[in-house]
Every structure is written in structure tokens, then in C-alpha cells.
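In: quick one: sequence and predicted model below, then my questions.
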Amino acid sequence: MRYRQRFWVLLTLLALLGSSSTSHPGSACSSASNDLGEPGPRDSNGSALRKVRPQVQPERDETHLSALAEAAFEQTPPPGAASFSTTTLSIPTYPYKDHLSAAYSPAYNMTYPKLHWSTYNGARPLPVHRNYQLLVLENEFLYVTLMPELGGRIYQMVFKPTGHNELYQNPVIKPTPFGPADQGWWLAVGGIEWCLPVDEHGYEWGEPWSHQVVTSTTGVTVTLRDTSAADRIRAAVSVHLPADRGYLVISPRIENPTGHAIDYQYWTNGMLAPGPANTVSEHLNLVFNADEMSVHSTGDRRLPGHDTTPTGPDYRFSWPVYYGTDFSRLGNWREWLGFFEYPQAGADFAGVYDTAANEGVVRVFSSDVARGSKGFAFGWSTLVDSIKWTDDGSAYFELHGGVAPTFWEQTTIAAGQSLAWTEHWYPVSGIGQLSTATTEATLGVQHSGGRFTIGVHATTRQPGGDSTLYVWDRDDCTQLGAWELPEIGPGDPVVVSAGDQGRPPERMAIVYLDKTDHVLAAINPRDCLPPNSSIETLDQWVETSDFPVTWSGQDGWTGIDAYDVQVREGYKGAWRDWLTNTTATSAVFSGIHGHTYFFRARARDVHANQGVYTDQEWGQAFTTVLTDPAPVLVTSRKSATPRFFSDDRTVSYTIRISNTGNLTANATLIDTLPAGMHLLTHTLTANAGLTLIPPYTLHWAGAVPPGNEARVTYVLSPTATPLGAPLMNIVEISGSVLGPLTRREVVVRARFVWLPLVTQG
């Protein structure tokens, strides 16, 4: 599988070096989609569960391997490792540099390039190939390149399981008329860019940024800087690719080394085109979380603020549906639209998902710091002419995140201060839809025809059985589905499906948990799981009547509110309450010489979810009080296999005489065999001292040192055993501190009938 993944990455890179596709933004991506409603294997609830491998679909077949592609093939790191390298890429570039001059911003003490459009257009420019240096970060899941020369941007993010670059990559470097008003131009290069210190892409998208690289066993980090000057605002952006994760960690840091406060804007702008086509399709779903959006600009007359230049968030529309049109689907757009979540980012994630390509991109961030969340596209049925930014008709969707809620607002950074935060950007595939996302996982939920289908994507490998997906009725915690998932990870999503039992989606709490019940991702979450608790292991014996008992609990949601602890005196004793509703995690218990005490605990969380007492034979922990040395045989036991047997089967018995005391036991046992069973004498095994007293009694005597056990085994064959009658076999063991004890085992003769199994569906 790894060979195939590498091969398709090569094809993606080769596509960048060859001739451009002539597909138009209006053409649908050709990637195969998964029919998530199709029944598949089912869990114990009768609910469908299946693993989905995204389909790899190259755009074209190339026979010539470029140096770049060969290098990418050879340098693919093994699982759990990340690598760094450099390479060059030749890109057709228009000769805009011949028509630049320096402009100055006194507000920011910065110079920036300004394009003289008249001389540029008069020269009738044509693109020529130019080499650009790329910094390559790579792990098992991602192949990422950075372009220091053009703004230090993330240029490519190839998702290896599908072989697709999920970021838009303009096949030409071409000046556009967009950008800050005072600068008057911009390069729609693609990728993810850093926009500082003004809105509409900032001034530094085309400037060279310096970089520093740190590699370690945990991953690769490249820190990009626009300047080291101490007389202006500046930025440092760290891009970290972990060794074992399918995401990028982006950490912007805005610095003010000057002696005065500065009002500024900063935005991270991702230009996205998920799937194989390097363009957007009508099936692109836009996932934002506010209930209302404010128009930044639009030509769509169905929306407020069309054909105007808004000066604030005054023109607003409901999201996602406004007067019957679902604007979260790009295919429903007419002309261009730029919008902000109002009054700011409504959650800690945003993203896009192409349901036809079954691929998308997620941005996870802290909305307390990065309050701005913006989307922009050139429209759909009436597109802006793509000749303004490219030569092949391709298009993209812009996903912006900023420290101010909108372009109309600024953030102030005090003298000598800095502001830093962390975001996670990553590709997803094979989950059908994007519904929620965290740094750990993404969930995609679809609901139709009385069934819900849930796709689960994890950003790192979760071994089989280590993560669980639950669906509850959030009103009363009725369980609608529970799946212990197989191995899951980037490129290995899992899709489950089950009936909704008449409940609407808003009543469903969908929760994805790891093996410690930590929430990885959730929709409409409600804590319906009780906490786990246990008694810590005790010494097998203690020398004092008073001894400490300690317990603990685990709750992946809100933590433990209180505990109940029970004790049982002796093997055949009844459980009784010792402590109830306690917040303590230890206490001193008082016991009696020679007595063995078994303990168990349960816990409650703050939502009143209460665990149940476990029913282990020896409790969760036990100990014996021995103020004087003595043998303790309380954990001796008898077992039989099988417990249900047919006429042609034998039954194997084992007696273990176990000494958990601090003195050697001079032990004896008397075992009376059940009538109707015949002893196969050649199967008798034991230490010296075993005798058979005809016809049905075994006798054994011997020494059992502290911490040791003696074992007696034998096999019985049925003779005239009645069908269905329990056959009890009692052994008496002597030599323990409190005198003789008995252990019993019951077996039953049964008749096994094999019936045909008829399945439907």
C-alpha cells in the first residue's frame, strides 16, 4: 500500500511540471464518491460499520520522471518519522518584476512593491519558466512544500492516501488586480499565505521570507520570518509537521519591537481546492459555525449589500440558508461573495468538503484569539473571469482566519509585546461530509431515510479497539449505537450507519472517544458514560489491624464527583457498604487477625452518571490481617472444563491450593467425586501425597510455602449421568488460618442440537 501511495504522489508532482489541465471551475471533479448509505458489515447492535479507503485517481499518466518526482519518491520517510529536504520547481511566471517600484507606508514604517499596470499591460507580457526553491516537509501522511521566495507560504499539502494536493496551486504566477487598495495588485499563487499588516492579503505575500529548520524525532519545524527589523511590526510563522500525525501545526507570532502601540491586521489565508482537479466544484460544501454572516462584498442580488462597498458588518444574512437558498453549497452561488462569520467565529473549526471528490480541508483554531473567520469565492453560475488570476480556468475557495473579527476592525499590539497562537490544518477524505473537527478527529454526519451515517477521520493512527463511537439520545441517554472501531487513521476512515429510531438529528449526541474515554470529537455532546474506578492493589497480608485502602477513578469528560466503597469479609461473605458518597481517595480500614477482606469501588461524575460495582471473584483488591504469622488459603479454588458436556466428552478438573499468608501451610484436601462420573486414574497429577480412597474420594496432603500453590488435576468421564442434572463436586481444604474451607464446582450433561441459520438482507 505504501508503494501505491508514493506512486500517486509522484503523479501529482508530475502534473505540476507538465501541461496544465483545461478544466473550467464549473466542471465537476471526477473523483469517485462513496455511497455512505449502502449497508455493510454490522456490529453487535445490528448497525453497519465499514472501513473506507479513499479512491486514488491521478489526473494524467506521465512516463517521464522529473528530478523533483524522483526525489520525492526516494525520500519518503518510514511510518513514525518526518523528513526535511529542499528542491526546486519550475513555474511559468509573468515578468511582473520589470514593472515594480517601492512604495512606503508611514503607518507601518514599511516599504512594499507596487505594480505599474500601464507599462506592464503595454509590454504584452507572456510567462516564462522560472525556478523557485521549495522546502519539503514529509511524513507518512503528508507531503508539504513551502515557498520562502513568495511570502514564505505553504505551497502544497499533498495527502498521500489520495495522492491529491488539497491546496489550490496556480499553474502560472500571474499578477491580479486584487489586493490592498493602496498596493493595487496581488499574486494568486495558491497555498496558504500570511497576510500582514493590512487586510486583503497584506503587503508581504510576494516578499522573500527567511527560514530556520529544526528536525527531531517528533517532527520537522520550519520557522519563517518576514524581517528582523526592530522599527516596525513583524511576524514569525512556525510550520510544524509531526512525525506521526496527518496535520500541519501553524503557529503565527506577531511582534511589536517598537516603543509605541500599533493597530494592525493579520489573516492566514488558505486557498483551497480539495480533490484531484486543482479547482473547485459545485459540490464544495462550506462549513462555518455562526448562524449569521456579514457581507464583505458580493455581486449576488439575492444577498444584502450587493453592488455596494460595505464599511462594516451591516449587511447580514442567515447561515446556511437565506430565503430558501443554501449558501453553504458553492453550486448554489451566482456571482462572487466574500463574508465573515458574525459577530465572530462561531466555533473552533471551519473548513470545506467536496462531497463528489469525498475530500476536504479542515482548519482548527482557538476562536478566543483568532476571532475572524472569512470565506470567499468567485461565484458559480456567473463566475468572475478567471483570466484575471490564471490561464487554465481553475478556481479556488479562500478560507481566512484572523485576529480581528472582520476587515473593518483592527487589533492593537502594545509596545514590546507579541501575540501568538496555534492552528491545525489538515486534509480529510472518505467521510462523506464535514460536520465537526478537532485536532484529534473529524466527524461527517448525514441523515436521510430514517438512518444516520457517520464518517470518522482520525489525525493519527488509533489501533483497533482503542477508540469507540457512541450515539445517544441527548435528552435521556438512550443508546442508539455503539461501535468499537477497527484501526483508524489518516487515509483509513471508518463509516458507520444505523437507524435513527424516529429521532431527529438535533436529538443525537454523537461522541468519538479514545480508550481512556477522552473525547476526540463530538456533535451535540452529552456525557452519558459513567466513570471507571478501582481499588489499588493491596499486599496479600498486613501485620496490623488498621491498614490503608486507596482507590481512584477515571472520567474522560468532567471528572469524578464522589465514590462508594464496599467490603466483603471472607470468600463467602456478603458485600456491604463501607464508605458512601465520599470525595476521599483513601481511608484506613480496621480488621481482625486471620480475616481476609475484599474491596471494590464505584464512582459518579458531576452529571450523576454512576458506575456499577464489578463482580470479580476476589474483588478489585484483597488482603488478610495477620498480626501473628499464619498460612492463608482463601484464594484456593476449584475449576472444571467444560461446564456443559455431552456423552462423548470428558471433564477436566483443577484444584489450586494457594497460600497468600506469611507461614507455610500444612495443607490437606478431600475431594469427593460426583456419582455418575468415572475417574480416569492415569490423568491424576499432583505433588507427592495424593491418594485415592475408593470409590470416589481423593485425598492429598503437603506443604505449601508462602506465595506458592499446589495443584491437583484429574479427568472424569460420564457414565450414567442424568441429562440436565447439575453435578456438584465439593472439595474441603484444611490448613488455613481460620480452619477448613470448601470450594465447589458444578457441571451439567447437555445435549447439543445444531440448527440451520437463515439470514436476510
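Out: Cool, the structure landed. Numbers count the residues shown, from 1 in each chain.

In: identify the bridge partners of the closest residue in space to Gly724 that isn't next to it in sequence.
Out: Counting by Cβ to Cβ, 6 or more residues apart in numbering, Gly724 lies nearest to Val748, which is 6.5 Å off, once chain neighbours are set aside. From N, CA and C alone the C-beta is placed, and that goes for glycine too. Judged by DSSP bridges, the bridge partners of Val748 are Phe644, Pro726.

In: next, count neighbours for Val748.
Out: Counted by other Cβ atoms under 10 Å, the residues lying close to Val748 total 15.

In: wait, doesn't it sit right on Arg643?
Out: Yes - under the criterion of Cβ atoms under 8 Å, Val748 makes contact with Arg643 at 6.7 Å.

In: mind checking how far Ser294 is from Phe407?
Out: 10 Å (Cβ to Cβ, to the nearest Å).

In: where do the contact lists of those two overlap?
Out: Common neighbours of Ser294 and Phe407, counting by Cβ atoms under 8 Å, 6 or more residues apart in numbering, are Phe340.

In: mean confidence (pLDDT) on stretch 159-172, please.
Out: Mean pLDDT, computed over stretch 159-172, is 97.

In: same deal with stretch 147-156?
Out: 98.

In: distance between that stretch and the chain's centre?
Out: From the chain centre to the centre of stretch 147-156 is a distance of 28 Å (Cα atoms, centre = their mean, to the nearest Å).

In: and the contacts of it?
Out: Contact with stretch 147-156 is made by 132-135, 143-146, 165, 167, 169, 173, 187, 189-194, 204-211, 224-226, 237, 239, 248, 250, 425, as judged by Cβ under 8 Å, 6+ apart.

In: quick check on these: which are buried?
Out: 132, 134-135, 143-146, 165, 167, 169, 173, 187, 189-194, 204-207, 209, 211, 224-226, 237, 239, 248, 250, 425 (16 or more other Cβ atoms under 10 Å).

In: of the contacts of stretch 147-156, which belong to helices?
Out: Among the contacts of stretch 147-156, none falls in helices (DSSP state H).

In: show me these that map onto strands.
Out: Secondary structure defined by DSSP state E assigns 132-135, 143-146, 165, 187, 191-194, 210-211, 224-225, 237, 239, 248, 250, 425 of the contacts of stretch 147-156 to strands.

In: the protein: helices as residue ranges?
Out: Counting by DSSP H, the helices of the chain are 2-17, 67-74, 117-122.

In: and those, which one's lowest on average pLDDT?
Out: Among the helices of the chain, helix 2-17 scores lowest, at a mean of 35.

In: show me the shaky parts of the stretch 651-761 of the chain.
Out: The stretch 651-761 of the chain contains residues with pLDDT under 70 at 752-761.

In: leaving aside the residues adjacent along the chain, what's closest to Pro463?
Out: Glu487 (5.6 Å).

In: over to Gln133?
Out: Thr88 (5.7 Å).

In: what's the neighbour count on the one you found?
Out: For Thr88, using other Cβ under 10 Å, the count is 12.

In: what does the one 5 residues further on give?
Out: Using other Cβ under 10 Å, the number of residues around Thr93 comes to 20.

In: could you check how far it is from Thr459?
Out: 35 Å.

In: next one: Asp628
Out: 59 Å.

In: mind listing what the residue nearest to Gln133 touches?
Out: By Cβ under 8 Å, 6+ apart, the neighbours of Thr88 are Leu68, Asn131, Tyr132, Gln133, Leu134.

In: does Ala261 touch Thr411 like I think?
Out: No - at 10.6 Å, Ala261 and Thr411 do not qualify as touching, with contact defined as Cβ under 8 Å.

In: these two: which has the busier surroundings?
Out: Thr411 (18 against 13).

In: bridged to the more buried one, which residues?
Out: With DSSP bridges as the rule, Thr411 is bridged to Tyr264.

In: now do it, the pLDDT please.
Out: 97.

In: swap in Arg42?
Out: For Arg42, the predicted pLDDT is 42.

In: ok, now Asn289?
Out: 97.

In: next, count neighbours for it.
Out: The burial count for Asn289: 15, using other Cβ under 10 Å.

In: just the one 10 residues further on next, same as before
Out: Here the neighbour count serves as a burial measure; for Gly299 (other Cβ under 10 Å) it reads 15.

In: now do it against Leu272, distance only.
Out: 21 Å.

In: and Tyr613, by the same measure?
Out: According to Cβ to Cβ, Tyr613 and Leu272 sit 52 Å apart.

In: could you do Gly331 as well?
Out: Applying Cβ to Cβ to Gly331 and Leu272 gives a distance of 16 Å.

In: where does this structure dip in pLDDT?
Out: Using pLDDT under 70, the flagged stretches of the chain are 1-75, 752-761.

In: what's the burial count for Tyr108?
Out: Using other Cβ under 10 Å: Tyr108 sits among 17 other residues.

In: any chance of the backbone angles for it?
Out: Backbone geometry at Tyr108, expressed as degrees, to the nearest 10, gives phi -120, psi 0.
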